[in-house]
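[1] I would like to see how this sequence folds:
(chains A and B)
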Amino acid sequence: MTGTTIDKAGPSRAAPKYGSMKRDRLWALRWSYFFLTLFAIFFLIPPIYMFITSLKTSAEISAAKNPWWVFNPTLSNYIELLGSPIYLNFFKNSAIVSVSVVVITMLIAIPAAFALSRMRFWGSATLATGVFLTYLIPETLLFLPLFKMFAVFNELTGIQLLNRWWVLLVVYPTLTVPFCTWIMIGYFASIPKELDEAAIIDGASWMQTLIRIFVPVALPGIIAATIFAFTVSWAQFLYPIAFTTSIDQLVLPVGIITTLIKGDVFNWGQIMTGALLGAAPPLIIYAFLMDYYIAGLTAGATKG
Amino acid sequence: MVDATANAAAQLKRVKPAPRSRLRRFFEKKSTIAFFMALPLIMLIFTLVIYPAFYAIYLTTLNKRMTGTAWMRNCSYLPDWICTYIPFGNLQFLLTRETFWMVFWQSCLFAISAVIFKALIGFIVSHFVHNVPSKGQRKWRGMLLVPWVIPAAMSTLAWQWLFDPSYSAFNWILAQFDIERISWTGVAPWARFSVILVNIWIGAPFFMIMYLAALKSVPDQLYEAAEIDGANWWQRIWYVTLPMMRNIIAITALFSTIVTFANFDIVRILTAGGPLDKTHLFATWAFRLGIEGGDIPLGATVSLFMVPILAVAAAFILRDITRRGNEA
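    Numbers count the residues shown, from 1 in each chain, chains lettered A, B, ... in the order given. Below is the predicted model:
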């Protein structure tokens, strides 16, 4: 007890004996910085190495020189990739798929979350739990039955889904909608009840209450959910590699892996460039909207 | 003011009388509207999640070409009604396969060791970030979360290049210290190590963020009280931090167990299951058998083996979340 009181008055008196706690803290801080630097190096090596390699020509990569340094930086890999129609087509497919999936997800998740958190109907509590459970089902469990289902669907209706990029518009919402609904339920639940009661009394319909009041108030949650849906659909790998094979139907991650890696051809400069450009959209979103990104990330466990 | 309310009341009276049909009343009921607002979600879950899940169970009973049932063979040691009437042919095929048991152990090894190390690293790093003055925390947090933000397929490509058999940048560093080159993805023990390492690299930041959020929610007074009572840092962690974070530690670990156990991207890109199937997980093996091998029923059977473990983890998470929901 006395120790703390003296410590509080400590600095002016410069008593080294009691200042030890402060000195401990200082050392703890220094060690923290030291280890944080080590971990940061570990966590940043692959992206940095991607960048280093992307600036090299194949000749420099295969030379027995220090791989961690760029001796003759060149942008030829970037120019070549961004001028290649195949690669741009991957980029276009990815962008169309991700943006459409975000829109579909929001159109499904927001009304559903509103209904589940505010309006209640028979079985709504069970459905909310079910939504969360669906989020826990990994895609690796469902891709084979879905594959067969789409094949059968084609036989029955003549509509081809397999090997067309729009099949991804059908399956990606199963990955994004449950989680987005779940975090939107959390956000909607935090809005005071008086707000929608007032709106209803003033004669607003439920739809109007949702669009005019809940959506603006819960906008941070919607942004977090949007970011989540976009990054998940941008990064998804299993569904596109299982369901699409023609080069013009591929999305970016699968496209890079199936077309740029060509066995014997030594192509790592371009592969790393492609991978870096493929990682750019999520990274840019993250750089500008970090707080929303993290809010969406932690919402799963801290809300609800 | 009084006038206005009277006016409104009068208007209300005027609007009310028109008698509405029963159907219309049904559609204007709150619960009906709510049901229709949730209908797309319900349809999505039923047609694209629940139906395929049961369809997978049906698929496991079919033979490779999906033209008939996969009956068991050479099963005279079993009671007749199991042997001839229960279509467990795929199951029997798998259980008698050495590769299957190898994949089973590899999946367990992969998931358990990766989750433990991710949790440990996440816990340690979150403490370091928490120690730093809050002005600099944002910067560190931003840097340390990068592996989680990059799409896993893209960063695994970078690792594949770092582990390249002949141009590995790690081997170059080792060579500077006269250490013999390591075949990172070429021999089974190192290949397993590499796959787990990449998974830890991708997943640890997620743990870090979750634990950091949990650390921030622990009231400072508790630490002050512990310090006054003479607790050293180890006791502070054991008696204050861990009990306060228990819930989030458990949920994050369980959640990560599900995701790690069902992982596909990393193994598929880094080793494609090799060398000699020594790094296959359930998901990648199911892909190899089902999509590449064209035996969808067998692949579906493999992936269904993930269900028991996922179900246990999901049950724990659900229990935890409903319990906290009741507390709040």
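
[2] in the stretch 201-304 of chain A, which ranges drop under the pLDDT threshold?
    Within the stretch 201-304 of chain A, the segments meeting pLDDT under 70 span A:262-266, A:299-304.

[3] Please name the nearest non-neighbouring residue to the residue in it positioned nearest to chain B.
    Per Cβ to the nearest Cβ, A:A235 is where the stretch 201-304 of chain A lies closest to chain B, at 3.4 Å. No exception for glycine: its C-beta is placed from N, CA and C like everyone else's. Of all residues not flanking A:A235 in the chain, B:P151 sits nearest, at 3.4 Å (Cβ to Cβ, 6 or more residues apart in numbering or on different chains).

[4] Which phi and psi values does the one you found adopt?
    Main-chain torsions, B:P151, degrees, to the nearest 10: phi -50, psi 130.

[5] Correct me if wrong: it contacts A:L276.
    No: using Cβ atoms under 8 Å, B:P151 is not in contact with A:L276; the gap is 11.1 Å.

[6] Between the two, which has more neighbouring residues?
    Applying other Cβ atoms under 10 Å in any protein chain shown to B:P151 and A:L276 shows that B:P151 carries more neighbours, namely 25 against 22.

[7] between B:P151 and A:L276, what contacts are shared?
    Shared contacts of B:P151 and A:L276 (Cβ atoms under 8 Å, 6 or more residues apart in numbering or on different chains): none.

[8] Just checking, which helix or strand of chain B averages the lowest pLDDT?
    Ranking every helix and strand in chain B by mean pLDDT, DSSP states H and E puts helix B:2-15 at the bottom, with a mean of 52.

[9] Quick one: check the helix or strand following it for contact with chain A.
    Past helix B:2-15, further along toward the C-terminus, the next helix or strand under DSSP states H and E is helix B:22-28. No: applying Cβ under 8 Å from any Cβ of the partner chain, one finds helix B:22-28 separated from chain A by no less than 9.4 Å.

[10] And the helix or strand following helix B:22-28, what does it pack against?
    As assigned by DSSP H and E, the chain's next helix or strand after helix B:22-28 is helix B:30-45. Judged by 3 or more Cβ pairs under 8 Å, 6 or more residues apart in numbering or on different chains; DSSP states H and E, helix B:30-45 is in contact with helix A:85-114, helix A:124-136, helix A:167-189, helix A:206-208.

[11] which stretch among those comes nearest chain B?
    helix A:85-114 (3.8 Å).

[12] Spatially nearest residue to B:G68 (excluding sequence neighbours)?
    Among residues not flanking B:G68 along the chain, B:L62 sits closest, at 7.2 Å (Cβ to Cβ, 6+ apart).

[13] and the one you found, what does it touch?
    B:G68, B:T69, B:A70, B:P87, B:P297 are the contacts of B:L62 under Cβ under 8 Å, 6+ apart.

[14] got a list of what the spatially most central residue of chain A touches?
    Centroid check for chain A by Cα atoms, centre = their mean gives A:T231 as the closest residue, at 3.1 Å. Neighbouring residues of A:T231 by Cβ under 8 Å, 6+ apart: A:P282, A:I285, A:Y293, B:V149, B:P151.

[15] Redo the residues you listed as TSV? Include secondary structure and distance to B:F282.
    Shown next, in TSV, are these (DSSP: H, G, I helix; E, B strand; the rest coil; distance: Cβ to Cβ, whole Å):
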residue	secondary structure	distance to B:F282
A:P282	helix	27
A:I285	helix	32
A:Y293	helix	30
B:V149	helix	27
B:P151	coil	22
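
[16] Can you pick out the most distant pair from those?
    The span of the contacts of A:T231, defined through Cβ to Cβ, is set by A:Y293 and B:P151 at 14.1 Å.

[17] What is the burial count for the closest residue to B:W184 other than its chain neighbours?
    Excluding its sequence neighbours, the residue lying closest to B:W184 (Cβ to Cβ, 6+ apart) is B:F163, at 3.7 Å. Close neighbours of B:F163, defined as other Cβ under 10 Å, add up to 25.
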